[in-house]
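A.B. asks: sequence first, then the predicted structure:
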Amino acid sequence: MRHLILALEGRDARIGLEGPPKGSCSDVCRLKVAGEDKGRDEKSRGVTYVRPASRQKKVIVPGGWMDLSNRAETNVAFKNILAIGAIAVASDPYDPKTNPAGGINLGTAENKLMADVLVKKLNEPGVMEVSARSLCYGSYHGSPALRGAIAATLNRQFKIEEEVLTADNVCVGNGAGSIVSAISQILADAGDSIIIPSPVYGQFYGDLKNVGLVNPVFVAGPASEPGIDKLEEAFQVAKERGSPVKAILITNPGNPTGRVLSCATVRSWIWWAAEKGIHCIVDEVYGMSVWSTPGQPEYEEFESVLAMTDLPDPLSVHVVWSFSKDFCMSGMRAGVLVSRNERVVAAYITIAYFYAIPQVIEQALTKILSDHEFVDSFVVENKIRLRNNFERVISALEARSIPFLRPNAAIFIWIDLRRWAARLEEKSVSEPPAPSGTMQLFQLFLDHKVYITPEEAFFGDEGRWFRIIVGSPWDVLQVAFSRIFAVLEAIDGPSI
């Protein structure tokens, strides 16, 4: 039992725990490629935790403190870099006419390139309409019509020809993040672990931890592809800590890398999971946004795990998909869980009440997916617009000799700013130590009204990368990149 330490200061009081509160953010395991930093931080090694002064309680009630749960305290205290950047620019947003000096958000993963097509479609008569049915409860895990339309769309777009999906394999929820949270609770208990190859979408931390108290174990590797030896090491470390691994969470195409993982890598991870007797969760939310031309030898071809016919255990492989990414509708809040495991689907239905989407949204999505001609043309046009943007961005980076990982999917480009991060670290020798070079760069970009995201937000371990979202109109990207380049030029010069 954890020892309670009580210190009274006049009418104020502080309460501490020997070790961190249960479920604190220090429970996350981070294994770096070099094998460094294997374990929890200092808070989890017996250092006394004292609640910050701003959170001290001044009211004593019979039987204890008037306090929040450890879960809530930990969630509030966690430093979410993705949220910090988004909030910073949201307070003064860019507008080319009314606020040209405002902040530009190239850190939040939204594709705005197809907005004109979607707005036109949604405003067609009969698509986005409110009826008496819209005002009633529906099927919390999605209507049979929507689930059937999703299954048909995935079968067609992902070329699933043998074990085709049906409505019974599909569950709907209010966003991919909610789906990840739900499937983690279905497969793992509080205190269990899920291994996640990284760098990877940083909010997976909260998706697993904030509600289900499942421990994310980030295993870093070049281009988000750690070897089996690193996965094995993470598996054993978690087991020794009493936090058994219940699943591996794979992202393909990659976020933040913007690249399709090699089929060999994905298959090796799935086979390794089967040997360990754990589940595979595969995030394929950008599966229809692979914009490279097929057959280019420098790029991997995307193959959905749903189309693989030689999986060692298809019932242990579950896919997350979303309308937010491939269909550019993040505000609609509609995510999808696909599983051929009847027990997993049944378990989701028991908690679907917490994840249901509005009836009016459900009806609109059903009508959109039922228009096969529109869907097929939309997917093609989205790829064309993405490719055009990426070609321009790549040319701009190459012209300034800024290294990057060559992308071929999704809406990201992963750029290497180690040269400028190192310059900042050289100039900021201080006590206590200054933030890392990438975090200093992050703040400088925010100061210059542009938000791009540092590697720390994605649980990488190299300290040199930034993710840039390429899903905004080109005129907005031009302004944003001019600000990015201005910051880098200033670092090269005497002004910073």
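C.D. replies: Cool, the structure landed.
A.B. asks: pLDDT below threshold where in the stretch 151-300 of the chain?
C.D. replies: Residues of the stretch 151-300 of the chain meeting the criterion pLDDT under 70: 295-297.
A.B. asks: can you give me the helices for the stretch 1-150 of the chain?
C.D. replies: 70-77, 81-90, 115-122, 144-157 (DSSP state H, counting those that start in this stretch).
A.B. asks: if you count neighbours, what's buried in the third one?
C.D. replies: Residues of helix 115-122 classed as buried by neighbour count (16 or more other C-beta atoms under 10 Å): V117, L118, K121. For the C-beta atoms, the positions are set from N, CA and C on the backbone; glycine is no exception.
A.B. asks: counting by contacts, list what that helix packs against.
C.D. replies: Where contact means 3 or more C-beta pairs under 8 Å, 6 or more residues apart in numbering; DSSP states H and E, helix 115-122 is packed against helix 359-370, helix 372-399.
A.B. asks: compute the inter-axis angle for the shortest one and helix 115-122.
C.D. replies: By that I understand helix 359-370. With axes from the mean of the first three to the mean of the last three C-alpha atoms, to 10 degrees defining the directions, helix 359-370 sits at 100 degrees from helix 115-122.
A.B. asks: just the last one next, same as before
C.D. replies: Orientation note: helix 372-399 sits at an angle of 170 degrees relative to helix 115-122 (the same axes, to 10 degrees).
A.B. asks: list the buried residues in helix 372-399.
C.D. replies: So, applying 16+ other C-beta under 10 Å, buried residues of helix 372-399: V375, F378, V379, N382, K383, R385, L386, N389, F390, V393, A396, L397.
A.B. asks: same thing with stretch 348-357?
C.D. replies: Neighbour-count burial for stretch 348-357 flags Y348, A352, Y355, A356, I357 (criterion: 16+ other C-beta under 10 Å).
A.B. asks: list the contacts of that stretch.
C.D. replies: Contacts to stretch 348-357, defined as C-beta atoms under 8 Å, 6 or more residues apart in numbering, come from residues 138, 140-142, 171-174, 178-179, 182-183, 185-186, 332-334, 337, 339.
A.B. asks: which residues touch the nearest residue to V130 once chain neighbours are set aside?
C.D. replies: Once flanking residues are discounted, V130 sits nearest to V360: 5.6 Å by C-beta to C-beta, 6 or more residues apart in numbering. V360 sits next to M128, E129, V130, S134 when contact means C-beta under 8 Å, 6+ apart.
A.B. asks: wait, what's in contact with the last one?
C.D. replies: Yep, that's S134 we're talking about. In this structure, S134 makes contact with P358, Q359, V360, Q363, judged by C-beta under 8 Å, 6+ apart.
A.B. asks: measure the second one to G142 for me?
C.D. replies: Between Q359 and G142 the distance, using C-beta to C-beta, to the nearest Å, works out to 11 Å.
A.B. asks: out of those two, which sits in the busier spot?
C.D. replies: G142 (28 against 18; other C-beta atoms under 10 Å).
A.B. asks: right, and that one touches L365 too?
C.D. replies: No: taking contacts as C-beta atoms under 8 Å, G142 lies outside contact range of L365: 9.4 Å.
A.B. asks: next, the closest residue to F404 other than its chain neighbours: phi, psi?
C.D. replies: Distances taken as C-beta to C-beta, 6+ apart put I415 closest to F404, at 4.4 Å, once the chain neighbours are dropped. Main-chain torsions, I415, degrees, to the nearest 10: phi -100, psi 150.
A.B. asks: Provide the partner residues of I415 in its beta bridges.
C.D. replies: Beta-bridge partners for I415, by DSSP bridges, are F404, F466.
A.B. asks: got a list of what C328 touches?
C.D. replies: Contacts of C328 (C-beta under 8 Å, 6+ apart): E110, N111, K112, L113, M114, A115, L118, N382, G471.
A.B. asks: and the residue nearest the centre of this protein?
C.D. replies: By C-alpha atoms, centre = their mean, the chain has its centre lying nearest to Y201, at 3.1 Å.
A.B. asks: give me the nearest residue to that one, chain neighbours excluded.
C.D. replies: Closest to Y201 by C-beta to C-beta, 6+ apart is N255, at 4.6 Å.
A.B. asks: cool, and P100?
C.D. replies: Nearest residue to P100, sequence neighbours excluded (C-beta to C-beta, 6+ apart): Y94, at 7.1 Å.
A.B. asks: look up how far A480 lies from that neighbour.
C.D. replies: 8 Å.
A.B. asks: which secondary structure state does P197 sit in?
C.D. replies: On the three-state scheme (DSSP: H, G, I helix; E, B strand; the rest coil), P197 is labelled strand.
A.B. asks: what about it, how many neighbours?
C.D. replies: 27.
A.B. asks: I81 is nearest to which of the helices and strands packed on helix 115-122?
C.D. replies: Taking C-beta to C-beta, helix 372-399 is the member of the helices and strands packed on helix 115-122 nearest to I81, at 22.2 Å.
A.B. asks: by contact count, what packs against that closest one?
C.D. replies: Packing partners of helix 372-399 (3+ C-beta pairs under 8 Å, 6+ apart): helix 115-122, helix 144-157, helix 359-370, strand 412-416, helix 474-492.
A.B. asks: which of those sits closest to K325?
C.D. replies: strand 412-416 (11.0 Å).
A.B. asks: tell me where the stretch 1-150 of the chain has strands.
C.D. replies: Secondary structure of the stretch 1-150 of the chain, counting by DSSP state E, counting those that start in this stretch: strands at 4-9, 12-18, 29-31, 48-50, 60-61, 64-65, 104-105.
A.B. asks: what's the nearest residue to L165 if we skip its chain neighbours?
C.D. replies: What sits nearest to L165 in space, not counting adjacent residues and going by C-beta to C-beta, 6+ apart, is A151, at 4.0 Å.
A.B. asks: typed the wrong thing, it's K449
C.D. replies: Spatial nearest neighbour of K449, excluding adjacent residues (C-beta to C-beta, 6+ apart): G103 at 4.5 Å.
A.B. asks: over to E162?
C.D. replies: T309 (5.2 Å).
A.B. asks: how about the secondary structure of that neighbour?
C.D. replies: T309 is classified as coil under three-state DSSP.
A.B. asks: what number of residues lie near F323?
C.D. replies: With other C-beta under 10 Å as criterion, F323 counts 25.
A.B. asks: wait, it sits on I361?
C.D. replies: No: assessed by C-beta under 8 Å, F323 is found out of contact with I361, at 9.1 Å.
A.B. asks: residue contacts, the spatially closest residue to N388 that is not a sequence neighbour?
C.D. replies: Among residues not flanking N388 along the chain, W474 sits closest, at 7.9 Å (C-beta to C-beta, 6+ apart). Contact partners of W474, counting by C-beta under 8 Å, 6+ apart, are N388, N389, R392.
A.B. asks: okay, W474: pLDDT?
C.D. replies: W474 is assigned a pLDDT of 97 by the prediction.
A.B. asks: and what of H3?
C.D. replies: 31.
A.B. asks: tell me the SS of V319?
C.D. replies: strand.
A.B. asks: how much space separates it from D116?
C.D. replies: Separation of V319 from D116 (C-beta to C-beta): 30 Å.
A.B. asks: and Y94 and A480? which has more neighbours close in?
C.D. replies: More crowded of Y94 and A480, by other C-beta under 10 Å: A480, with 24 against 19.
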